[in-house]
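J.: what follows is a predicted structure for the sequence shown.
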Amino acid sequence: MLSFVVIVLLLTGWARLLMSVVTLLVVALLFWIDIVHPELVFPLTYTQRFIDTLFTFLITAAFIAIVVAIQNRMSLLERARTEAAARAKGDFLAQMSHEMRTPMNAILGMSNIARQATDETTRNTSIAKIESASKHLLGVINDILDMSKIEAGKLELAPADFDFEAMIDTVVNISGSSIASKSQHFDCSIDERIPRYLHCDSQRLAQVITNLMSNASKFTAEGGSVGLTVAYETTSGGGGADDGGVEDPAKVPEAGGGVAGADDGAAGANGGGVAGATAVGENDDVTLCVSVTDNGIGISSEALSRLFKPFEQADNSTTRVYGGTGLGLVISQRIIEAMGGHITVTSTPGAGSCFSFTITVPQAKGTGEQQWECDGLEVSADDLDLSDHTILLVEDVEVNREIAIALLEPTGVSIDTALNGREAVEAVRADPTRYSLILMDIQMPVMDGYEAAQQIRALEAGGARSLPIIAMTANVFKEDVDKCRAVGMDDHVGKPIDVTELLGKIACRLR
């Protein structure tokens, strides 16, 4: 009997589980006979004690065997999940390597072509392709950084009052170039009852809508159709919503005054109002129902199940044809979930797709002023004369100094440079009235930009406390921007530098 128990314990997987169950059934049967029909059991007392002991041993052995079998089965399942996740991450890393090396190859290759070019047309074409590849590479980097924050549970929203119409205009303008380049028809329908000024993280909301529209255009053939619809529902006191799916994914929404081709911005964005509808109250929260539709390649039901999983894509063959990191939808889903909503998708292969989400946001209390008062101001170098001003550029990396000086040169501004925060503090202390503005890097040797800004603000000599300081740094996360404000800086420009943004903020601070 002991040998039988040992064999049961040595059995693996489902075989061991099956034998354990059979053993339990046999033991239960023997117990039942012992209790209900004791006359059938050996009448000897010694025999009875032996059987009772054997029953106890068998029950214990069977129980242990069942537990071990279940643990083994769970371990096998967990191992399979871990291996699948590892394979998915491995595939993801390989894809990221491809996505980063491809534009880098274009940047390096076109740089060599531009260097060797003897005619201006070839040189300008190469430079334009370098710029395009650089923007693509920056998008890949941003996706990876966003995903890393999501995986670490550090995705934070920065709600603020904003101009909803201006945000939609920006989104349409960003997406318009890709839509126009493929001669696609674009319809935009924005419910005219949506209040102009709302309160939420407008940058993250714009990021989601831009990503959905970019995907719609990417996976739709030339001459196809892409649509953006924003409807509204009102609620008193808030509350989220998860619905918002669209039954017919292939149908592009009809918009009053839609934008054809996308070159006209969001000119038709406000023609989609509903006649006779109740106006939005001043204290009502607003539930935005956003839908992006296309009549592109569509998504199969099997691929839909993997669409929002990290490190996976709906179809690897699609990646090879259309490119992309496969992170955009995952990031968009997490952002919308953080806002209290959920992205839904309906799709028919070969007919098109519809991605929708619904979020509830409060109305702005004011007029939607931006997080920085100079945000959104665009100025060209030709329109900006800074010949009467001197700027202190605080930057430790030589190539970054060269770039900033070259970008500002057409304005006629005089520029002094400092290689670290301590040099900047000493320069301002020596002649506090010399400078009209400071462009401050953050990560520098000797003294960083945060400490330098604090020490400059502490100087008593003329005007140092009110001297405009603009952070010009690769530290672009919300906590970095908040810290710049906390130490007394007036504004923030992220690297890579957007020249129109930089000139706009300089002009704003010096006006």
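T.: Sure, I can see it. Numbers count the residues shown, from 1 in each chain.

J.: point out where the stretch 251-400 of the chain drops to low pLDDT.
T.: Applying pLDDT under 70 to the stretch 251-400 of the chain flags the ranges 251-283, 310-326, 366-382.

J.: show me the helices in it, by range?
T.: For the stretch 251-400 of the chain, the helices defined by DSSP state H, counting those that start in this stretch occupy 301-304, 316-322, 328-338, 398-408.

J.: please enumerate the strands of this structure.
T.: Remark: strands assigned in the chain by DSSP state E are 160-163, 185-190, 197-200, 225-235, 285-294, 343-348, 352-361, 390-394, 414-418, 437-440, 469-473, 491-494.

J.: adding mean neighbour count, write these out as CSV.
T.: C-beta: built from backbone N, CA, C; applies to glycine. Below are the strands of the chain laid out as CSV (neighbours: other C-beta atoms under 10 Å):
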stretch, mean neighbour count
strand 160-163, 20
strand 185-190, 24
strand 197-200, 20
strand 225-235, 21
strand 285-294, 24
strand 343-348, 20
strand 352-361, 25
strand 390-394, 22
strand 414-418, 18
strand 437-440, 26
strand 469-473, 25
strand 491-494, 22
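
J.: run through the residues that contact the most centrally placed residue in the chain.
T.: Centroid-nearest residue in the chain: Ile331, 3.7 Å away (criterion: C-alpha atoms, centre = their mean). With contact set as C-beta atoms under 8 Å, 6 or more residues apart in numbering, Ile331 has these partners: Asp143, Asp146, Met147, Ile150, Gln207, Asn211.

J.: one more: Pro195?
T.: Counting by C-beta under 8 Å, 6+ apart, the residues that Pro195 touches are Phe164, Val280, Val286, Gln363, Ala364.

J.: now do stretch 160-169, average pLDDT.
T.: If you average the pLDDT over stretch 160-169, you get 89.

J.: walk me through the domains of this protein.
T.: Annotated domains of the chain cover 1-154, 160-361, 381-510 [automatic domain parsing].

J.: which among the contacts of Pro195 gets closest to Leu228?
T.: Checking those against Leu228 by C-beta to C-beta gives Phe164 as the nearest, at 13.4 Å.

J.: just list the residues touching that closest one, thanks.
T.: Neighbouring residues of Phe164 by C-beta under 8 Å, 6+ apart: Ile194, Pro195, Arg196, Tyr197, Leu198, Ser202, Gly368.

J.: go again with 10 Å.
T.: Contact analysis of Phe164 by C-beta atoms under 10 Å, 6 or more residues apart in numbering lists 190, 194-198, 200, 202, 205, 230, 286, 288, 361, 363-364, 368.

J.: rewinding a little: including distance to Glu99, could the contacts of Pro195 go into a markdown table?
T.: As requested, the contacts of Pro195 are exported to a markdown table (distance: C-beta to C-beta, whole Å):
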| residue | distance to Glu99 |
| --- | --- |
| Phe164 | 33 |
| Val280 | 42 |
| Val286 | 37 |
| Gln363 | 40 |
| Ala364 | 38 |
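
J.: show me what the top helix by length along the chain is packed against.
T.: Longest among the helix segments of the chain by residue count, using DSSP state H, is helix 45-116. For helix 45-116, the packing partners by 3 or more C-beta pairs under 10 Å, 6 or more residues apart in numbering; DSSP states H and E come out as helix 2-10, helix 13-36, helix 120-151, helix 316-322.

J.: go through these and find the least confident stretch.
T.: helix 2-10 (a mean of 46).

J.: about what we covered before: pLDDT on the longest helix of the chain, on average?
T.: Here helix 45-116 scores 77 as its mean pLDDT.

J.: over to stretch 471-491?
T.: The average pLDDT within stretch 471-491 is 88.

J.: can I get the strands of the chain in CSV with distance to Thr121?
T.: Shown next, in CSV, are these (distance: least, C-beta to C-beta, whole Å):
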stretch, distance to Thr121
strand 160-163, 40
strand 185-190, 31
strand 197-200, 46
strand 225-235, 33
strand 285-294, 36
strand 343-348, 43
strand 352-361, 40
strand 390-394, 34
strand 414-418, 32
strand 437-440, 34
strand 469-473, 33
strand 491-494, 32
